[in-house]
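# Quick one: sequence plus predicted model below, questions after.
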Amino acid sequence: MRTVKELFAYVAGGCVGLLCLAGPLTAQPTVGVTESEIVIGSCSAQTGPSQKLGQQMFLGASTYIDTVNMAGGIHGRKIRLIKEDDGYDPAKAEECFKRLQSQKVFADAFFVGTPTAKKYVPLAEESKVPLVGLFTGAQLIYEPLHHYVFNIRASYFDETREQVDGLWRLGMKRVAVIRADDAFGDAVLLGVQTALKRYGTEPVAVASFPRETGNVEPAVMAVKAASPDAVILVGSYAPVADIIRRAHRSKWSPLFLTVSFVGTDEFIEEAKSDAEGTVITQVVPPWNLSAFYRTVGTYRGEMTKRNLQPGYVSLEGFVDAMVVVEALKRAGRDLTREKFIHALESMHDGIQGMDLGDKLKINFSPTSHKGFQGVFMTVVRGGSPVPVTDWSQVAKK
């Protein structure tokens, strides 16, 4: 037994109460971070009707991260990507998210889709795991502000506003919508309605089809009966291609438009000649304009090295990975999730080494977790998405 005098001496020597029993105090290690690696997890469609979207998104992201790892990583650490499949099915989202967390990821990134994002956003907030880069432009990602969720692309409100403004310039004022009956369809329809409201009108017809199915005929016939000038289609590549094929088969050819989520290259492959004339808004620059945008040139070069076919979805994944890597660099060697979030919020004027033109400069802040605002317009001509700068080019056959 120590005397009182000895105990006082012990305390004076720097050991106080129960703290002494635990040994010296050390900082708790950050989940998903070791001396040699940072673990990033991804849930997306790797199987099912929309699998090409998830596969291409992850391909683009992993291609950029591979180049970073080959160059030595970030502050001496390599990035390890974990890929899990949710089939673009909201019913599988929670389980997919749990599988990632069980593997001790530092952050999540490169997710795909609105119906699944509707599940993932609250899960990220609840678990306090950063989630960066979702292949969706739904408002639920941006509003209200979510502390742990950052999206890089422009919103569906941005895309549909560009579409409606362009249609108005062409004198096409009777606008209809055919949409998937899910959160994605809801999100784009709301964007169209909001854009049309600025002109004091609303869609002349709205019809829906069961998500991820080919049961589109009733929706096509219902909207055809309203004789619209233009029809905005909301779905992934397979059902959108099916809608246009059926419309053309029935001798109906309004101007068809769709948003970036369709998967432009996948849609053209699916629809073949029926894709001709379809207007598709994009949230990254056309991937064939490498001479104008340095980042697109870098992306094309890395894809060519690996004998991979470039495309819009993988380019978006590549750009999203650039943002994640830049944030990890800015957060420093002493990496924590809060430092990572603070680093993302510090990106006000773009990223060094990223050149996507004046339309696309990262502009995160503590009050906005939406990176890009810009939208690019393309129209399918001769089996390829052709960039257009003037809506009068869209009207030409």
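Ah, there it is.

# helix, strand or coil for Met377?
What DSSP: H, G, I helix; E, B strand; the rest coil gives for Met377 is strand.

# Check it and give its pLDDT.
We note a pLDDT of 93 for Met377 in this prediction.

# wait, it sits on Pro285?
No - assessed by CB atoms under 8 Å, Met377 is found out of contact with Pro285, at 11.4 Å. Where you see a C-beta, it was placed from the backbone N, CA and C, and this is true even at glycine.

# Going along the chain, name the helices of the stretch 101-250 of the chain.
Secondary structure of the stretch 101-250 of the chain, counting by DSSP state H, counting those that start in this stretch: helices at 114-127, 139-142, 156-169, 183-197, 217-224, 237-249.

# Could you dump those into CSV with mean pLDDT and distance to Ala91 added?
Shown next, in CSV, are the helices of the stretch 101-250 of the chain (pLDDT from 0 to 100; distance: least, CB to CB, whole Å):
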stretch, mean pLDDT, distance to Ala91
helix 114-127, 97, 9
helix 139-142, 95, 18
helix 156-169, 96, 23
helix 183-197, 97, 13
helix 217-224, 97, 23
helix 237-249, 96, 19
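
# out of those, nearest to Arg80?
Nearest to Arg80 among those is helix 114-127; the distance by CB to CB comes to 19.4 Å.

# the inter-axis angle of the closest one versus helix 183-197?
Note on geometry: by axes from the mean of the first three to the mean of the last three CA atoms, to 10 degrees, helix 114-127 and helix 183-197 are set 100 degrees apart in direction.

# now for helix 114-127, which elements pack on it?
Contact partners of helix 114-127 among helices and strands, from 3 or more CB pairs under 8 Å, 6 or more residues apart in numbering; DSSP states H and E: helix 93-102, strand 107-112, strand 131-135, helix 139-142, strand 149-150, helix 183-197.

# do that again at 7 Å, thanks
In terms of contacts (3 or more CB pairs under 7 Å, 6 or more residues apart in numbering; DSSP states H and E), helix 114-127 is packed against helix 93-102, strand 107-112, strand 131-135, helix 139-142, helix 183-197.

# Just name the most buried of these.
Per-stretch averages of neighbours, counted by mean count of other CB atoms under 10 Å, single out strand 107-112 among these, with a mean of 28.

# Kindly export that one (C-alpha atoms) in CSV.
In CSV, the C-alpha atoms belonging to strand 107-112 read as follows (Å, rounded to 0.1, in the frame of the first residue of the first chain):
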residue,chain,number,x,y,z
ALA,A,107,-16.0,7.1,-46.9
ASP,A,108,-18.5,6.1,-49.6
ALA,A,109,-18.4,7.3,-53.2
PHE,A,110,-19.6,6.6,-56.8
PHE,A,111,-23.2,5.6,-56.1
VAL,A,112,-25.9,5.4,-58.8
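
# So which residues make contact with it?
For strand 107-112, contacts defined as CB atoms under 7 Å, 6 or more residues apart in numbering pick out 40-45, 53-54, 57-58, 61, 88, 100, 117, 120, 124, 129-135, 317, 320, 324, 337, 340.

# what lines up beside it in the sheet?
Using DSSP bridges, strand 107-112 pairs in its sheet with strand 37-44 (parallel), strand 131-135 (parallel).

# Could you tell me the angle between the shortest one and helix 93-102?
Read that as strand 131-135. Interaxial angle of strand 131-135 relative to helix 93-102 (the same axes, to 10 degrees): 140 degrees.

# Now tell me what touches strand 131-135 from outside.
53, 57, 107-113, 117, 120, 124, 141, 148-152, 261, 316, 320, 323-324.

# For that strand, what is the distance to the chain centroid?
Relative to its chain's centre, strand 131-135 lies at 5 Å (CA atoms, centre = their mean, to the nearest Å).

# could the helices and strands packed on helix 114-127 be laid out in CSV, adding distance to Gly73?
As requested, the helices and strands packed on helix 114-127 are arranged in CSV below (distance: least, CB to CB, whole Å):
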stretch, distance to Gly73
helix 93-102, 21
strand 107-112, 16
strand 131-135, 18
helix 139-142, 29
helix 183-197, 36
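
# in the protein, which spans are strands?
37-44, 78-85, 107-112, 131-135, 149-150, 175-180, 205-209, 230-234, 255-258, 279-282, 376-381, 384-388 (DSSP state E).

# Export those strands as a markdown table, with columns for distance to His369.
Shown next, in a markdown table, are these (distance: least, CB to CB, whole Å):
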| stretch | distance to His369 |
| --- | --- |
| strand 37-44 | 18 |
| strand 78-85 | 21 |
| strand 107-112 | 13 |
| strand 131-135 | 9 |
| strand 149-150 | 4 |
| strand 175-180 | 26 |
| strand 205-209 | 30 |
| strand 230-234 | 24 |
| strand 255-258 | 26 |
| strand 279-282 | 21 |
| strand 376-381 | 22 |
| strand 384-388 | 28 |
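
# out of those strands, nearest to His348?
Counting by CB to CB, His348 lies closest to strand 149-150 out of these; the figure is 13.5 Å.

# thinking again about what came up before, among the strands of the chain, which comes closest to Leu196?
Distance to Leu196, taken as CB to CB, is lowest for strand 175-180 among the strands of the chain, at 6.4 Å.

# avg pLDDT for that closest one?
Averaging pLDDT along strand 175-180 gives 98.

# Same question for stretch 35-43.
Per-region confidence: stretch 35-43 scores 98 on mean pLDDT.

# in that stretch, what's buried?
Buried residues in stretch 35-43, defined by neighbour count with 16 or more other CB atoms under 10 Å: 37-43.

# ok, back up a step: so which of the strands of the chain gets nearest Asn215?
Nearest of the strands of the chain to Asn215, taken as CB to CB: strand 205-209 at 5.7 Å.

# Parallel or antiparallel, list what pairs with that closest one.
Strand pairing (DSSP bridges) places strand 205-209 next to strand 175-180 (parallel).
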